[in-house]
Each structure stands twice: as structure tokens, then as C-alpha cells.
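Novice: Predicted structure and sequence below. I'll ask about it afterward.
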Amino acid sequence: MADELKVAVLISGRGSNLQALLDACAKPGFPAAVVRVISNVAGAYGLERASRAGIATEVIDHRGFAGREAFDTALDKAIRATGAQLVCLAGFMRLLTPGFAEAWSGRLINIHPSLLPCFKGLHTHRRAIEAGVRIHGCTVHFVTPDLDDGPILVQAAVPVLGADDEDSLAARVLAAEHRIYPLAVKLIAEGRVTIDGRSVRLARETAASDALLNPPE
């Protein structure tokens, strides 16, 4: 469709959340399209996923730049050249500069493997088990200059079971990530998202909740 939301996806690794986005965008009527996949790692498996889906890819190796600002400037230029209206971080293992985050404010989202604001940063599943929580999950949020911060768009919760180790809990959370990231992009593409300070307001919020509780087969 001519009015599809154009999405750029930034990756550093295997790209399983990228695959979830590609699969969603391939469905008839989905209101967004991935127009470019950019990685800071030349051998990232996600690049192969994108190529198989017929999506243009680009590698911008952060090691070739003098600092974070220079890298982010090149990244910003590359994204703007695609005409992308939304940027999705999908396992992009680089801290973005405040200038980049502010330039894309309201158009830059990330998926994090915890129920923010709990367990920001790395090793979220190990920390959740060590903390003894009964509920864990994942969050799609708008990106701000602060790490794993910003208005929360969609969350999904999963149980923490007594027999869980880090790997089994991670697998359960990842399945939820694959469900909510396409949903988040869909909500934005449909114009149903309004940022109000630290909060996100959703038009027809009940429909969004139903989609989480009763995902399509």
C-alpha cells in the first residue's frame, strides 16, 4: 500500500525480532513495511534474514568511526536516505547518543526483555530469577536519551516458574517479544498512539488489549 508506514530496523545480531517484524509486514493489510535493515556488525545473521525477505541491507561498522557522535551521524544520514518514518531497535547493541535519540524522538522504539522500569540493562532474566519475581516479561518503549527509558507502548507478562533457569525464561519472554513488537508497530502505523509526557495514550485501547490476550493463530 502506498500509505504504509516506512520502517528502518537496526540490528547487531541474529535478528529474531527482526524476523517477527518481517513476517508481520508480509501479511496482507499490515500497515507498515520494512524498507531497510542496518547493522553495525557485518556478519550479523539478521542481514541474511532481511536479504531472504527482499529487504535492502546496509552495514555501518561503528569501529570505523572516531566516536559515538560520528557513528550516529552516519547512521542518521543512512536512515533518512531510506525515507523511513519509524526506527525499530531490534537487538541493536549500541548506546545511541542523546542527539540521535532527540532527533528521532517519538519515531524511535526499542524492545527490552523485562517489564520496565524493572531490570534495565543486561542479564534481565538472570536478575529476575535472582530477585524471586513471579512475573517477568518484555516492553516496547519509545527511546529517550536515558538507557531503557521512555514512554511505554506495549508490555507482555509471562510467569516465572520454579524450574526456570535463565535460558528457559528467556525463551518464554522471547516468544512474547515476537508477538508485541509487530503489535507496537501496527498501533503506530494506524495512528493510534499519542505520547503524553511519560505516558502513551492508545485509541481503541480495548482492541489492543484483546490483541495481546488473544493473539491470532
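Specialist: Structure's in. What do you need? Residues are numbered from 1 along each chain as shown.

Novice: just the helices in the chain please.
Specialist: Remark: helices assigned in the chain by DSSP state H are 16-25, 45-52, 68-82, 98-103, 124-131, 166-189, 205-213.

Novice: got any ranges where the chain has weak pLDDT?
Specialist: 1-2, 205-217 (pLDDT under 70).

Novice: that older thread, can you put the helices of the chain in CSV and add distance to residue 61 and mean neighbour count?
Specialist: Where you see a C-beta, it was placed from the backbone N, CA and C, and this is true even at glycine. Converted to CSV, these look like this (distance: least, Cβ to Cβ, whole Å; neighbours: other Cβ atoms under 10 Å):
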stretch, distance to residue 61, mean neighbour count
helix 16-25, 18, 22
helix 45-52, 12, 18
helix 68-82, 9, 16
helix 98-103, 17, 16
helix 124-131, 27, 18
helix 166-189, 25, 20
helix 205-213, 37, 13
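
Novice: Relative to residue 112, which of those is closest?
Specialist: When these are compared by Cβ to Cβ, helix 124-131 sits nearest residue 112, at 7.5 Å.

Novice: which helices and strands sit right next to that closest one?
Specialist: With contacts taken as 3 or more Cβ pairs under 8 Å, 6 or more residues apart in numbering; DSSP states H and E, helix 124-131 sits against strand 135-142, helix 166-189.

Novice: Return the list of helices and strands in contact with the first one.
Specialist: So the one you mean is strand 135-142. Using 3+ Cβ pairs under 8 Å, 6+ apart: strand 135-142 touches strand 108-112, helix 124-131, strand 152-159, helix 166-189.

Novice: same thing but 6 Å
Specialist: strand 108-112, strand 152-159, helix 166-189 (3 or more Cβ pairs under 6 Å, 6 or more residues apart in numbering; DSSP states H and E).

Novice: Let's have those in a markdown table, adding distance to residue 96.
Specialist: Output for these, formatted as a markdown table (distance: least, Cβ to Cβ, whole Å):
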| stretch | distance to residue 96 |
| --- | --- |
| strand 108-112 | 8 |
| strand 152-159 | 18 |
| helix 166-189 | 18 |
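
Novice: and residue 48, which of those is closest to it?
Specialist: Closest to residue 48 of the helices and strands packed on strand 135-142, according to Cβ to Cβ: helix 166-189, at 17.9 Å.

Novice: Please write out the alpha-carbon positions of that closest one in CSV.
Specialist: Taking Å, rounded to 0.1, in the frame of the first residue of the first chain, the C-alpha atoms of helix 166-189 are listed here in CSV:
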residue,chain,number,x,y,z
GLU,A,166,18.0,-18.2,32.6
ASP,A,167,17.6,-20.0,29.2
SER,A,168,14.1,-21.3,29.7
LEU,A,169,12.8,-18.0,31.0
ALA,A,170,14.5,-16.1,28.1
ALA,A,171,12.8,-18.4,25.6
ARG,A,172,9.3,-17.7,27.1
VAL,A,173,10.0,-14.0,27.1
LEU,A,174,11.3,-14.1,23.5
ALA,A,175,8.1,-15.7,22.3
ALA,A,176,6.2,-12.7,23.8
GLU,A,177,8.6,-10.3,22.2
HIS,A,178,7.8,-11.7,18.8
ARG,A,179,4.1,-11.0,19.5
ILE,A,180,4.2,-7.5,20.9
TYR,A,181,6.8,-5.8,18.6
PRO,A,182,4.7,-6.2,15.5
LEU,A,183,1.7,-5.1,17.5
ALA,A,184,3.5,-1.9,18.6
VAL,A,185,4.4,-1.1,15.0
LYS,A,186,0.8,-1.7,13.9
LEU,A,187,-0.5,0.6,16.6
ILE,A,188,1.8,3.4,15.5
ALA,A,189,1.1,2.8,11.8
